[in-house]
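Enquirer: here is a sequence together with a model predicted from it:
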Amino acid sequence: MTEEIKSILTRIAGSEAFTVEPTPDQKFGHYASNIAMRLAGKAGKAPIEVAKDLREKIIAIDQGKTFEKIEIAPPGFLNFWFSKSVLRREFARMVRTGKKWGKPVMSQKSLVKSRQVVVIDYSHPNIAKPMSVAHMRSTIIGAALVNIFKWSGWKVIGDNHLGDWGKQFGVLIAAYKQQQGKSDKRQGTISIDDLLKLYVDYSARMKADSALEEVTRRETKLLQDGNRDNVKIWKAFYKVSLAEFKKIYKILGVRFDYYLGESYYKAMLPGIISDALDKGVAVKSEGAIVIPIEGKAPFVIQKSDEAFLYATTDLAAAKYRAERFKPSLVLYVVDNGQSLHFEQLFGAVAKLGYGKGERLVHVKFGLILSEDMKKLSTRAGRHISLEGVISEAIEKAAKVVHEKRPDLSIRERVKIARAVGIAALKFNDLSQNRQSDIAFRWESMLSFEGQSAPYIMYTYTRLRSILRKAKVPSKWNPEAVESEGDFALVLLLARFPEALEKARSTFFPHYLAEYLVALARGVNRFYETEPVLTADAPVKAARLRLIEAAGTTLCNGMKLLGITPLERM
RNA sequence: GCUCUCGUCGUUCAAUGGAUAGGACGCCUCCCUCCGAAGGAGGCGAUGCAGGUUCGAUUCCUGCCGAGAGCACCA
């Protein structure tokens, strides 16, 4: 509907930059434009005068077909009210589109031809460490972006770039070997928690004893050179960890197309170095090999002991992805703290000419901080396990469900608690601007009221409940919608495609989350004031259709954010 | 020291140049005779400080105060 206004304004005023947006208040109309204020400066006229002029021209062209009313508000806003016939047409279009409401319309042919490819690199936990709440953000934000891009018609490659290579394994292998040496207990099954303990203990001792640091460096190099013992130990750690991660992904409902971890690229690393040297992009410096980046610290791609770093791996991954997937867009869903690394990486990729024409974006997000706003870190032992958080969320949800719905079977209550707990957790993350840090607070993270996933889910179940009581008739007439409440809901539903597109193009899922909250609120208001089941037959038929459209939209929106819609709760 | 990010009701989060700064939690008042109160209606309540640009600034620029992150061989 924004487009409709934009095209009319463009026809009249040319290609001047202006905005058309939903109004902050119904009394300012349905949509408003700032075009008159934009044009006023150039025309040398008062914005109000320009607005008056535009209004006359639009009315002359439109003849009342599209707009019921156009008003001018100081200091020069043009406020538009769509005519009832346009709103009914839009409503009919939603009903016709059905479950695909919000999907961009594309013919099958143009879809195949123009289909864009995006690689989304997300989650990437470190092998041998339990996934923490910090990895959860990348996983949840990444998964939402995967869904949103897929729904928008893109070909999506979801890749889990596991941290399964590098110095941390030197630490672990050194720690592990030392422990083996001490107790002659044989290599039994090792859990991921054992690995964490090994890592934390050894790191602490390493701080006090620099000789241990040296051992670590040696073990890292041995692993990278393919030493049999070290590779064997590494493989065992890998297996244990991945099984653990997959358990959590299953609970979260997240799937990856690929698990191309850092180790996957190890054979390509020497080639990257020689390529960079051959192209004259990299130089030797202080014994290491670096790629200088203007205005920034140089990008070290080989250490002075000839070992590789994750910078090297990231370059190899960038090259590999460009060649294999030919994406037009690559998203790295990684926390803010690594901004410099990605600036360096993108600079280096450009110099090396990998993936020409593709856009690389660091989709950065804030850290999850502890309640005292300090950084959560594995090394400091302040680790909060993701599994613990998830089960606590589900437990808390279960308590509420048992209280509110003792009439349901235990089995169903368990199912509801699971869906609600996980949704609350995800939504807490997705409803916030991803770039800001968020404090780890149980109360807000597990909120079941107000601006939360359960609020949206609950709204949906109420819609479903109405639709269970009355079948949606196949015959209906959009002319039957008449009240302000009806039209307000139609307008709200009409904004879904725009909210979705904003979330997609900016890579900020919270635009979609916020929209869903607004829609849920609109729906709750709607059936507070507009009778559905008791309305006259034609109105009832139309309102049932409206309820159905709202339900579909909520359902689609929730699924995109990774929330499982429930029939009742 | 340098670079980047961020300071919004008591709390937490929105608002990337627009209208009376929006929601949620908490607190106060009211509402279950279409579905199901995990709901709805109303009230109280905020842009760190000082300048500047603009018709218009939470938003852009400068300085100060405060918080966080990063600054080549960790990931």
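Expert: Sure thing, it's come through. What you see is a predicted model; the values in this text were computed from it and never measured. Residues are numbered from 1 along each chain as shown, chains lettered A, B, ... in the order given.
Enquirer: switch to C-alpha atoms for all contacts and neighbour counts from now on
Expert: Fine.
Enquirer: show me where pLDDT drops low in chain A?
Expert: A:106-113, A:182-188, A:369-384 (pLDDT under 70).
Enquirer: A:Glu567: what's it in contact with?
Expert: A:460-461, A:464-465 (C-alpha atoms under 8 Å, 6 or more residues apart in numbering).
Enquirer: does it count as helix, strand or coil?
Expert: What DSSP: H, G, I helix; E, B strand; the rest coil gives for A:Glu567 is coil.
Enquirer: how about it, phi and psi?
Expert: Dihedral angles of A:Glu567 (phi, psi; degrees, to the nearest 10) stand at phi -80, psi -30.
Enquirer: show me what from the stretch 1-150 of chain A comes close to RNA strand B.
Expert: Counting by C-alpha under 7 Å from any atom of the strand, the stretch 1-150 of chain A comes close to RNA strand B at A:23-24, A:28, A:31-34, A:37-38, A:41, A:73-79, A:126.
Enquirer: the strands in chain A, which residues?
Expert: A:20-22, A:31-33, A:67-73, A:77-82, A:117-121, A:155-159, A:283-285, A:288-291, A:299-302, A:329-335, A:359-365, A:368-369, A:438-439 (DSSP state E).
Enquirer: now those as CSV including distance to A:Ala488 and mean neighbour count?
Expert: Output for those, formatted as CSV (distance: least, C-alpha to C-alpha, whole Å; neighbours: other C-alpha atoms under 10 Å):
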stretch, distance to A:Ala488, mean neighbour count
strand A:20-22, 12, 18
strand A:31-33, 12, 23
strand A:67-73, 15, 17
strand A:77-82, 11, 22
strand A:117-121, 36, 24
strand A:155-159, 35, 21
strand A:283-285, 63, 15
strand A:288-291, 57, 21
strand A:299-302, 54, 23
strand A:329-335, 37, 22
strand A:359-365, 35, 20
strand A:368-369, 38, 21
strand A:438-439, 34, 19
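Enquirer: could I get these as TSV with distance to A:Asp429?
Expert: Shown next, in TSV, are the strands of chain A (distance: least, C-alpha to C-alpha, whole Å):
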stretch	distance to A:Asp429
strand A:20-22	26
strand A:31-33	30
strand A:67-73	38
strand A:77-82	35
strand A:117-121	18
strand A:155-159	20
strand A:283-285	42
strand A:288-291	36
strand A:299-302	32
strand A:329-335	13
strand A:359-365	10
strand A:368-369	10
strand A:438-439	8
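Enquirer: those strands: which one's closest to A:Glu514?
Expert: Closest approach to A:Glu514 among the strands of chain A (C-alpha to C-alpha): strand A:20-22, 14.2 Å.
Enquirer: would you mind measuring from the closest residue to RNA strand B within the stretch 51-200 of chain A to A:Ile192?
Expert: Relative to RNA strand B, the nearest point of the stretch 51-200 of chain A is A:Gly166 (3.6 Å; C-alpha to the nearest atom of the strand). The gap separating A:Gly166 from A:Ile192 is 18 Å, by C-alpha to C-alpha, to the nearest Å.
Enquirer: again, but for A:Arg11
Expert: A:Arg11 is 64 Å from A:Ile192, where distance means C-alpha to C-alpha.
Enquirer: which of those two has more neighbours?
Expert: A:Ile192 (21 against 10; other C-alpha atoms under 10 Å).
Enquirer: show me what contacts the closest residue to A:Leu561 other than its chain neighbours?
Expert: Take A:Leu561 and drop its neighbours on the chain: the residue closest to it by C-alpha to C-alpha, 6 or more residues apart in numbering is A:Ala144, 4.9 Å away. Applying C-alpha under 8 Å, 6+ apart, one finds that A:Ala144 lies in contact with A:509, A:560-562.
Enquirer: out of these, which comes closest to RNA strand B?
Expert: Nearest to RNA strand B among those, with distances taken as C-alpha to the nearest atom of the strand, is A:Pro509, at 10.0 Å.
Enquirer: need the residues of the stretch 251-400 of chain A near RNA strand B, please.
Expert: Within the stretch 251-400 of chain A, the positions near RNA strand B by C-alpha under 7 Å from any atom of the strand are A:285-290, A:297-300, A:302-305, A:307-311, A:336-338, A:340-341, A:373-375, A:397, A:400.
Enquirer: now, which of those residues lie within helices?
Expert: A:310-311, A:340-341, A:397, A:400 (DSSP state H).
Enquirer: most neighbours among these, which one is it?
Expert: A:Ala397 (26 neighbours).
Enquirer: which residue, other than its chain neighbours, is closest to that residue?
Expert: In space, A:Ala397 is closest to A:Ala417, 4.9 Å off (C-alpha to C-alpha, 6+ apart).
Enquirer: give me the number of residues near the one you found?
Expert: A:Ala417, neighbours per other C-alpha under 10 Å, totals 22.
Enquirer: show me what contacts it?
Expert: A:394-395, A:397-398, A:401.
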